[in-house]
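Asks: coordinates only, sequence not included:
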């Protein structure tokens, strides 16, 4: 036996697991490789894990160890402290021990610690087991459990029970969520949650995640058999698969058992309908092809066919190819669109072929001229389809839609060392063959026309393919912008549209009229750091009365901020008669009270009905060693069997080296 001694003498031993040992006295058996230390000892293994103890023994193979007054460091602030510790193979056993991840996080003590009569650490499965444990908060006993397990801080993911969360609603009573985490591999896991409700039957939830080198799969859903004997459920799925450098496929599923289930059980995000389908994308340098299908589930009380597709889209194929410039910057674009729609007892198919040549020019004085000609041919096959004239029709219809536009703009730039400014008048004349709108289906696609600044200078002012702008019209406006070297920007725009031919069945609330339309404008300011303000307006063309206004603003940073939005729209049932004006405000606030306390709140208020549609507030506390939140939410919606919920939610968890448990 070789005898080595000296204050804090260090020796590195090359055994199966290299270690560094520091001690007042070290005895090393050359034959067996065993090490004995006397006095204060510090052992560091190859991974950097550190241990301090008194009078230790370590076998040559490292499978046996013992010592007293032991403290094992599992992370920067994580340690196990024990009166006595032994190691047998892969198991380390600490008696009368304490575990904490809060060393040094607070000046007045550990925020939390777990005392146990015995703690075992299995190096094979990297699990800590606590026997007869007491959970302490700042040395005060809070919770006793006969047995508890958790992964050690070096484990990124491990199957096991997660900390429950608690909630309460005025309709279903107290809700206790008990989640179980299942780790199949480093790239594949799931979370299953059982929710116990005091006033309703249990709710089961499942979330599944799988990441591959060229694909990702996400699925989440829930199920309950309620006290009324109904099976209620939902499933949301989103899968993406790369099929090479130029192709991608997606599968998306969104379905629920009924219109109000998502809202009643807290899965509703304001979506008006659910969309399921498959999409394949092929893309290259100069073109792309997209083939997709859609099946819709309406969640609103009415069908709202004027704003969403009526029926399922099976399939929709779109392709676009853009050529290289023929001369100067002139290029051609060729596109196709094939669509099939299946609804209750009706069916229609369409084929759209489109070819366009666009030629942009920059002339003397900075004048910009863009000329474009377009030829589009449509073939429709209708089966028992309600047309725009409210009559049912079966058979073929075709139409030829030649069009062209000439657009002019003159950016007038005034550079400056402080603020540079741009003033740009812009005008576009669009010429299009006049067609009879009533020969087309009423509900084939979104066919609403709503005037705003984003509609001006577009090829088609309707939102869909089937209804088409008629005749000749002009768009014109003036844009002013200013910016400086600090990234601050100001922008303003004001414009109008003018129809040279009589419009068919113009919606009185759309903003379009025969001749000149209403006036539209926008304004915005962004200082690139803490302020972003924007607004859109529409004024009556005759009286200049305000017809529509949208504003939004955000002040502050990521954690402390104030956001605001408002929308007001005058709704007319006939000339001079107002009906059901839209008037809603949205506000949100985030406030970082201290480094650890923060608050977030949001609300939507309907001024026409003089009530909150919904509002919520959540208080967060993020400590280096634990976290919790308490939130309040009120939804005042009334729909079928849903009459609004008040929900209070409480979440708590511990943190170990920044990882939540």
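Replies: Cool, the structure landed. None of the values given here were measured: they were computed from a predicted structure.

Asks: low-scoring stretches of the stretch 301-450 of the chain, by residue?
Replies: Scanning the stretch 301-450 of the chain for pLDDT under 70 picks out 301-311, 437-439, 442-448.

Asks: Repeat the analysis, applying 50 as the threshold.
Replies: 303-309 (pLDDT under 50).

Asks: those strands in it, which residues are they?
Replies: Listed in chain order, the strands of the stretch 301-450 of the chain (DSSP state E, counting those that start in this stretch) span 312-322, 331-342, 347-362, 368-386, 392-409, 412-414, 419-432.

Asks: Run through the residues that contact the nearest residue to residue 281 once chain neighbours are set aside.
Replies: Excluding the flanking residues, the one nearest residue 281 by Cβ to Cβ, 6 or more residues apart in numbering is residue 248, at 4.7 Å. For the C-beta atoms, the positions are set from N, CA and C on the backbone; glycine is no exception. By Cβ atoms under 8 Å, 6 or more residues apart in numbering, the contact list for residue 248 reads 240, 241, 242, 280, 281.

Asks: Show the pLDDT at the residue lying closest to residue 50 once chain neighbours are set aside.
Replies: Spatially, and ignoring its direct neighbours in sequence, residue 50 is nearest to residue 73 (4.2 Å; Cβ to Cβ, 6+ apart). Residue 73 is assigned a predicted lDDT (pLDDT) of 76.

Asks: With residue 105 as the reference, measure out to residue 73.
Replies: The gap separating residue 73 from residue 105 is 15 Å, by Cβ to Cβ, to the nearest Å.

Asks: quick check, distance from whichever strand or helix holds the residue nearest to residue 281 to the centre of its chain.
Replies: Using DSSP states H and E, the element containing residue 248 is strand 247-256. Chain-centre distance of strand 247-256: 16 Å, with Cα atoms, centre = their mean, to the nearest Å.

Asks: Number the chain from 59, please
Replies: Got it, first residue is 59 now, which makes that one strand 305-314.

Asks: and that strand, which residues are buried?
Replies: Within strand 305-314, the residues that count as buried by 16 or more other Cβ atoms under 10 Å are 306, 310, 311, 312, 314.

Asks: Tell me how many other residues surround residue 587.
Replies: 11 (other Cβ atoms under 10 Å).

Asks: residues contacting it?
Replies: 545, 615 are the contacts of residue 587 under Cβ under 8 Å, 6+ apart.

Asks: Give me the three-state assignment for it.
Replies: coil (DSSP: H, G, I helix; E, B strand; the rest coil).

Asks: Quick check: it vs residue 651, distance?
Replies: 22 Å.

Asks: Then residue 669?
Replies: Taking Cβ to Cβ, one finds residue 669 at 29 Å from residue 651.

Asks: again, but for residue 296
Replies: For residue 296, the distance to residue 651 - Cβ to Cβ - is 36 Å.

Asks: So which residues of this protein form helices?
Replies: Secondary structure of the chain by DSSP state H: the helices cover 319-322.

Asks: which stretches of it have low pLDDT?
Replies: Ranges of the chain meeting pLDDT under 50: 59-74, 76, 361-367.

Asks: can you tell me which residue is nearest the centre of it?
Replies: residue 327 (10.8 Å; Cα atoms, centre = their mean).

Asks: Next, give phi and psi for it.
Replies: phi -120, psi 20 (degrees, to the nearest 10).

Asks: do the same with residue 491
Replies: Residue 491 adopts backbone torsions of phi -60, psi 140, taken as degrees, to the nearest 10.

Asks: ok, residue 708 to residue 259 distance?
Replies: Separation of residue 708 from residue 259 (Cβ to Cβ): 22 Å.

Asks: higher neighbour count, the two?
Replies: residue 259 (16 against 13).

Asks: Contacts only, for the more buried one.
Replies: 282, 283, 284, 285.

Asks: Burial check on the last one, number of neighbours?
Replies: Neighbour count of residue 285, defined by other Cβ under 10 Å: 11.

Asks: mind listing what residue 592 touches?
Replies: Neighbours of residue 592 in contact, by Cβ under 8 Å, 6+ apart: 580, 581, 582, 583, 609, 610, 611.

Asks: I meant residue 666, not that one.
Replies: 638, 639, 640, 641, 642.

Asks: Now the buried members of those.
Replies: 641, 642.

Asks: Which ones among the contacts of residue 666 map onto strands?
Replies: Among these, the members found in strands (DSSP state E) are 640, 641, 642.

Asks: so what's the first one bridging to?
Replies: Right, the one you point to is residue 640. Counting by DSSP bridges, residue 640 is bridged to residue 627.

Asks: beta partners of residue 426?
Replies: The partner residues for residue 426, given DSSP bridges, come to residue 420, residue 467.

Asks: who touches it in this structure?
Replies: By Cβ under 8 Å, 6+ apart, residue 426 lies in contact with 418, 419, 420, 466, 467, 468, 469.

Asks: can you rerun that using 7 Å?
Replies: 418, 420, 467, 468 (Cβ atoms under 7 Å, 6 or more residues apart in numbering).

Asks: who's in contact with the last one?
Replies: Read it as residue 468. 424, 425, 426, 482, 483.

Asks: Touching, the fourth one and residue 466? I think so.
Replies: No. Residue 482 sits out of contact with residue 466 when judged by Cβ atoms under 7 Å, with a separation of 10.5 Å.

Asks: give me the number of residues near residue 588?
Replies: 11.

Asks: what do you get for residue 573?
Replies: Neighbour number of residue 573 under other Cβ under 10 Å is 13.

Asks: Show me the beta-bridge partners of residue 146.
Replies: Applying DSSP bridges, one finds that residue 146 bridges with residue 122, residue 149.

Asks: Could you do residue 253 as well?
Replies: Beta-bridge partners of residue 253, counted by DSSP bridges, are residue 235, residue 261.

Asks: Counting neighbours, what do you get for it?
Replies: Neighbours of residue 253 (other Cβ under 10 Å): 23.

Asks: how close does it sit to residue 233?
Replies: From residue 253 to residue 233 the distance is 6 Å (Cβ to Cβ).

Asks: can you count the residues close to residue 237?
Replies: Counted with other Cβ under 10 Å, residue 237 comes out at 16.

Asks: looking at it, it is touching residue 252, isn't it?
Replies: No. Residue 237 is beyond contact range of residue 252, at 8.2 Å (criterion: Cβ under 7 Å).

Asks: Out of the contacts of residue 592, give me the one that has the most neighbours.
Replies: residue 580 (19 neighbours).

Asks: Residue 345 pairs with what?
Replies: Going by DSSP bridges, residue 345 forms beta bridges with residue 379.

Asks: residues touching it, list them.
Replies: Contact partners of residue 345, counting by Cβ under 7 Å, 6+ apart, are 378, 379, 380.

Asks: any idea how far residue 277 is from it?
Replies: In terms of Cβ to Cβ, residue 345 sits 33 Å off from residue 277.

Asks: With residue 426 instead?
Replies: 50 Å.

Asks: likewise residue 692?
Replies: Residue 692 is 30 Å from residue 277, by Cβ to Cβ.

Asks: next one: residue 296
Replies: Plainly put, residue 296 is 8 Å away from residue 277 if you go by Cβ to Cβ.

Asks: now swap in residue 233 and tell me
Replies: 23 Å.

Asks: Which one's more surrounded, these two?
Replies: A direct count of neighbours by other Cβ under 10 Å for residue 233 and residue 277 places residue 233 higher, at 23 against 16.

Asks: List the residues that contact that one.
Replies: Counted by Cβ under 7 Å, 6+ apart, residue 233 has contacts 225, 226, 227, 253, 255.

Asks: Between residue 669 and residue 651, which is the more surrounded one?
Replies: A count of neighbours by other Cβ under 10 Å puts residue 651 above the other of residue 669 and residue 651, at 12 against 9.

Asks: Would you agree the more buried one is in contact with residue 657?
Replies: Yes. Judged on Cβ under 7 Å, residue 651 makes contact with residue 657 at a distance of 6.4 Å.
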